[in-house]
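> Generate a structure from the sequence data that follows.
(chains A, B, C and D)
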Protein chains: 2
Amino acid sequence: MFSVPTRTQYGIRALVHLAKAEAVGRARLEKSGVPFAAAQGPVAFTATSAEIARAESISPKYLEGILTQLKAKGIVVAERGKNGGFRLARDPGEIRMLDVVEALEGEVRPVDCVEDSGCCAQGVACMPRRFWIGLKETIDGYLSSRTLRDVIDA
Amino acid sequence: MFSVPTRTQYGIRALVHLAKAEAVGRARLEKSGVPFAAAQGPVAFTATSAEIARAESISPKYLEGILTQLKAKGIVVAERGKNGGFRLARDPGEIRMLDVVEALEGEVRPVDCVEDSGCCAQGVACMPRRFWIGLKETIDGYLSSRTLRDVIDA
DNA sequence: CGGTATTCCTATCGACTTAGTGGGAATATA
DNA sequence: TATATTCCCACTAAGTCGATAGGAATACCG
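Below you'll find the predicted structure:
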């Protein structure tokens, strides 16, 4: 019950990978004597789709589509062409897991009835409605209180 | 995301229907001068699968299977043969919604990795593990803190 | 005992979703 | 111009879900 599709699991792992790529890139920069300039934006280092797929043992083509989806929702930024790749659109602490999940799978909606209040015609169909709404709010609450940073630090 | 199959929705509506049948049955008994004897057990009145299906506009044969499933998990009791039917196995306040959901769909398990801790071989596969476990605990917490009575009273 | 109403069991079907593949077009770099 | 990358579209294979069908087992009632 409530199983999360691989699409979402892969997407999150890719984001974790990007966050690590960022940390590694900055460390290398510092080591070579060049201090990291925040002027480059909060996130500066990219990784290619193929690279992440290899490191994470995810089907390359499949991951490609997932990253494109995350880009469409403004969670990652894509750079095309040679030396291109993906990078986080903002700091991991600013990326809510609810937004990630919704980007990949749409809104949390246990039953259609949650938002469409006119869907309950006969029987006791709508008695459980408050119950389902409560479940949605519980899940949304958990997901929106965690950021990518929490996932990495956990 | 996290959509609940009709199987579960139907199952819960059926339980609500049974709880109502119980209330109606007791009221009728009281009215005819015969006080309800707790000696008959906490729940005494039944409804047939076909009857519930009609009242709730649920496919009869489909609901039949759902009720059988709920019976296998001890949530309802079945009486076969003529004048048979289903009734709640115990008081609505004693029926946890988590048990109902698990009876119909199995354990809440966002990712396989939640219980199988040896599943993370390469990459960052298991960094999100704590995150998923937290989600499971959040959902389980909500579901186990509500009973069928809460659903009816909501 | 025979008829009837009910639960119970198993098999099947069509529609939909999911995971994954393939081929190439667009784009940026060198 | 060659190359490496994202981007876009179509397709397939396998699984799940909702629903249906037919009948066996069982219990009541005349």
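> Are the helix or strand harbouring residue A:137 and DNA strand D in contact anywhere?
Using DSSP states H and E, residue A:137 sits within helix A:129-144. No. Helix A:129-144 is not in contact with DNA strand D by Cβ under 7 Å from any atom of the strand; minimum separation 13.9 Å. Glycine gets a C-beta too; all of them are placed from N, C-alpha and C.
> Any idea how far that helix is from the middle of the chain?
Distance of helix A:129-144 from the chain centroid (Cα atoms, centre = their mean, to the nearest Å) equals 19 Å.
> go on, stretch A:134-152?
The chain centre lies 12 Å from the centre of stretch A:134-152; the measure is Cα atoms, centre = their mean.
> Show me which residues of it are buried.
Within stretch A:134-152, the residues that count as buried by 16 or more other Cβ atoms under 10 Å in any protein chain shown are A:134-136, A:138-140, A:142-143, A:146-148, A:150-152.
> Span of it from start to end?
Stretch A:134-152 has its terminal residues 28 Å apart, counting by Cα to Cα, to the nearest Å.
> Now that stretch: average pLDDT?
For stretch A:134-152, mean pLDDT is 97.
> Quickly note the distance from the residue lying closest to residue A:141 once chain neighbours are set aside to residue B:106.
Spatial nearest neighbour of residue A:141, excluding adjacent residues (Cβ to Cβ, 6 or more residues apart in numbering or on different chains): residue B:138 at 7.9 Å. Note on residue B:138: its distance to residue B:106, by Cβ to Cβ, to the nearest Å, is 18 Å.
> Who are the contact partners of the residue nearest the centre of chain A?
Nearest to the mean C-alpha position of chain A, counting by Cα atoms, centre = their mean, stands residue A:100 at 3.0 Å. By Cβ atoms under 8 Å, 6 or more residues apart in numbering or on different chains, the contact list for residue A:100 reads A:8, A:11-12, A:15, A:70, A:75, A:148.
> mind listing the strands in chain A by residue range?
Here chain A has its strands, by DSSP state E, at A:76-79, A:85-88.
> quick one, which of the ones you listed is nearest to DNA strand C?
Nearest to DNA strand C among the strands of chain A is strand A:76-79; the distance by Cβ to the nearest atom of the strand comes to 6.9 Å.
> hmm, that closest one touching chain B?
No. With Cβ under 8 Å from any Cβ of the partner chain as the criterion, chain B is not reached by strand A:76-79; the gap is at least 15.7 Å.
> Pull out the buried residues from that strand.
Buried residues in strand A:76-79, counting neighbours by 16+ other Cβ under 10 Å, are found at A:76-78.
> how near is the closest residue to residue A:89 other than its chain neighbours to residue B:84?
Counting by Cβ to Cβ, 6+ apart, residue A:89 lies nearest to residue A:77, which is 5.0 Å off, once chain neighbours are set aside. Distance, residue A:77 to residue B:84, using Cβ to Cβ: 64 Å.
> Same check on residue A:30?
In terms of Cβ to Cβ, residue A:30 sits 76 Å off from residue B:84.
> what does residue A:17 give?
From residue A:17 over to residue B:84 (counting by Cβ to Cβ), the distance is 58 Å.
> quick one, which of those two is more surrounded?
Looking at residue A:17 and residue B:84 with other Cβ atoms under 10 Å in any protein chain shown, you find the greater number of neighbours at residue A:17, namely 21 against 11.
> check whether the helix or strand of chain A with the lowest mean pLDDT contacts chain B.
Every helix and strand of chain A was ranked by mean pLDDT, DSSP states H and E. The lowest is helix A:6-31, at a mean of 89. Yes. Between helix A:6-31 and chain B, judged by Cβ under 8 Å from any Cβ, the touching residues are A:9, A:12-13, A:16-17, A:20.
> Just give me the closest of those residues to residue A:57.
residue A:13 (9.7 Å; Cβ to Cβ).
> tell me, how many neighbours does that closest one end up with?
When neighbours are counted by other Cβ under 10 Å, residue A:13 registers 25.
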